[in-house]
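Colleague: Next come a sequence and a model predicted from it.
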Amino acid sequence: MASQGVLLGSILLTAGAIALAGCSGSGKTPSLSKAGPEVDPSTVPVPPADGPKLAIQGAIVAVMDRPSHDGKPIGWLRAGALATRSVDAVTKRDCPGGWYPIRPRGFLCVGQGVTLDLRAGAQAAGKAPPRLDAPLPYSYARTTEATSLYEWDKSKGAAVKEAGKIRRGSGVALVGEWDAQVPDGSKAHLALTPDGKFVDVANIKPVEAPAFKGIELTDQAKLPVAFVLKHGVRYWRVQKDEAEKRARVEGAGLIPLTGKFRTVRGENFWATEEDGKYLRHKDVTLVPKRHVYPDFANGDQKWIDISIVTGALVAYEGRKPVYATLVSPGRERFGDPKVTASTAMGTFHVVGKQVTSSQAPTKPFAEEADMRDAPWVLELSSGQVLHGAYWHSRFGVEHGAGNVALAPTDALWVFRWATPELPEGWHGVTAAPDSERKTLVVIHK
């Protein structure tokens, strides 16, 4: 595992900060004090861009829509993040450290995993920040055997205690490392995960992002396109009423088409952009050009079209396709999504997104192992998620418990393109109820 250069002192401070109460995504904490008046958030100005900062110490901290623990989370920040704040707190109601408005919106309570001491915040982070322009935001590994998860044992200093177990083949994101004493009294080299847990480096193996990816569509790169998923597929030469096998297609992946096809003895052959080369329809997964659109496909409305039968995904702006790839829907395809590993069909909208998430809202990211930090997660109004998958390469084939898995490169593209926009420095954001046009997702046969 590549070293993240994390200092012992930073790790200790991180573990301590993660233990703070009130760092959960819900934002709910017991009442601390009723000091100060209630504040109407609509009357609070947005802090200027050159305003002072506050730092996040908690593993993950909710940004609230108003200065109250009874408000709604509108986003999340992880340890080490900095947020631009107002000079003064707007109220200390239920928050002795004070509620501060931050850019571009929302409020944070100082003391609930949040500090005004930027040096303490930097120490408490002690982690590699996510990479927002790479297929995987962190380094990732999978366990080579069933192994323990640890957390810092504050009573013993440079030591950890067991906090649970994860199965063989489970996936973890890696943001730091530490040499510490494990429960049997021996020393171990441990990897730090984004949620503040540790795993023994001896029991993990680094993984790389799958190479598969789709295509950004332009005036030069258009639908239809074909994906070759199996070995042994050949090009064909088609003349008049005869089709003749030619050279094998090298490897698997995307092949652009002209949109023209020929039918020979009841079989369709699609013309590729290479002169004289055709692909037999049954040998490829075709992503066709649409000719019928839903009523909402107007203007620049962003929407995603997913076919469970073909495993194809196309992102649209109005009636303009802008990206095409293959995905993995649930492995049972057309079963009842409430009781089987199937993907629910219908028209949904994106209600929020997170750079990474350790738990899907309804169904697990994977069934055979524990995936503790899936990247580029879009949560849908159905409770399903679209997410990146680094643990398999079965894109275009049904796989998993019912969520929709994308190759990491594709998931990053969709994550950055889809609304809501992720504010700078935030780890997650929810879609505002009325203030922006939501990205729609149509899942059908």
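Modeller: Great, that's in hand.
Colleague: Domain map for this protein?
Modeller: When the chain is parsed with automatic domain parsing, its domains come out as 8-29+47-125, 139-207, 224-287, 302-444.
Colleague: looking at the ones you listed, which is closest to L217?
Modeller: domain 302-444 (5.0 Å; Cβ to Cβ). Using the backbone N, CA and C atoms, a C-beta is placed for each residue, glycine as well.
Colleague: just to revisit the earlier point, redo the domains of the chain as JSON lines? Include mean neighbour count, mean pLDDT and distance to R131.
Modeller: Shown next, in JSON lines, are the domains of the chain (neighbours: other Cβ atoms under 10 Å; pLDDT from 0 to 100; distance: least, Cβ to Cβ, whole Å):
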{"stretch": "domain 8-29+47-125", "mean neighbour count": "20", "mean pLDDT": "79", "distance to R131": "14"}
{"stretch": "domain 139-207", "mean neighbour count": "18", "mean pLDDT": "94", "distance to R131": "9"}
{"stretch": "domain 224-287", "mean neighbour count": "15", "mean pLDDT": "93", "distance to R131": "24"}
{"stretch": "domain 302-444", "mean neighbour count": "20", "mean pLDDT": "94", "distance to R131": "10"}
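Colleague: These: which one's closest to E216?
Modeller: Closest among those, using Cβ to Cβ: domain 302-444, at 5.5 Å.
Colleague: Regarding that closest one, how distant is the last residue from the first?
Modeller: Length of domain 302-444, first residue to last, Cα to Cα, to the nearest Å: 17 Å.
Colleague: same deal with stretch 43-55?
Modeller: This stretch, stretch 43-55, spans 24 Å end to end (Cα to Cα).
Colleague: TSV for the domains of the chain, including distance to L132?
Modeller: Shown next, in TSV, are the domains of the chain (distance: least, Cβ to Cβ, whole Å):
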stretch	distance to L132
domain 8-29+47-125	12
domain 139-207	14
domain 224-287	25
domain 302-444	7
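Colleague: Compare those domains and give me the one nearest E38.
Modeller: domain 8-29+47-125 (6.4 Å).
Colleague: so which of the domains of the chain gets nearest D133?
Modeller: Per Cβ to Cβ, nearest to D133 of the domains of the chain: domain 302-444, 7.9 Å.
Colleague: got a list of what the most centrally placed residue in the chain touches?
Modeller: What sits nearest the mean C-alpha location of the chain, by Cα atoms, centre = their mean, is W376, with 1.8 Å. Residues in contact with W376 (Cβ atoms under 8 Å, 6 or more residues apart in numbering) are 137, 353, 355-356, 387-388, 406, 408, 411-412, 414-415.
Colleague: so of those, which ones are in strands?
Modeller: Of those, the ones assigned to strands by DSSP state E are 353, 355-356, 387-388, 406.
Colleague: Can you tell me which of those residues comes closest to A191?
Modeller: T356 (15.4 Å).
Colleague: Need the nearest residue in space to that closest one, chain neighbours excluded.
Modeller: D373 (4.7 Å; Cβ to Cβ, 6 or more residues apart in numbering).
Colleague: Could you do K289 as well?
Modeller: Leaving aside its chain neighbours, K289 sits nearest to L223 (4.1 Å; criterion: Cβ to Cβ, 6+ apart).
Colleague: before we move on, what about F415?
Modeller: That would be W376: by Cβ to Cβ, 6+ apart, it lies 4.0 Å from F415.
Colleague: CA atoms only for the helix or strand containing that neighbour, dumped as CSV, please.
Modeller: If you go by DSSP states H and E, W376 is part of strand 374-380. What follows is strand 374-380, C-alpha atoms only, in CSV (Å, rounded to 0.1, in the frame of the first residue of the first chain):
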residue,chain,number,x,y,z
ALA,A,374,-18.3,2.9,-2.6
PRO,A,375,-17.3,5.9,-4.8
TRP,A,376,-19.4,8.5,-6.7
VAL,A,377,-22.8,7.7,-5.2
LEU,A,378,-26.1,9.2,-6.5
GLU,A,379,-29.1,8.5,-4.4
LEU,A,380,-32.4,8.2,-6.2
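Colleague: Which residues are in contact with V429?
Modeller: 74-76, 352-353, 420-423.
Colleague: Now it: closest residue in space that isn't a chain neighbour?
Modeller: G75 (4.3 Å).
Colleague: So what sits opposite that neighbour in the bridge?
Modeller: V63, V429 (DSSP bridges).
Colleague: Now that it has come up, it's in contact with P104, right?
Modeller: No. Applying Cβ atoms under 8 Å, one finds G75 not in contact with P104, separated by 9.7 Å.
Colleague: about what we covered before: now flag whichever of the ones in strands among the contacts of W376 is closest to T310.
Modeller: Closest to T310, out of all of those and judged by Cβ to Cβ, is L406, at 14.5 Å.
Colleague: Run through the bridge partners of the closest one.
Modeller: Where L406 sits in a bridge, its partners, by DSSP bridges, are G388.
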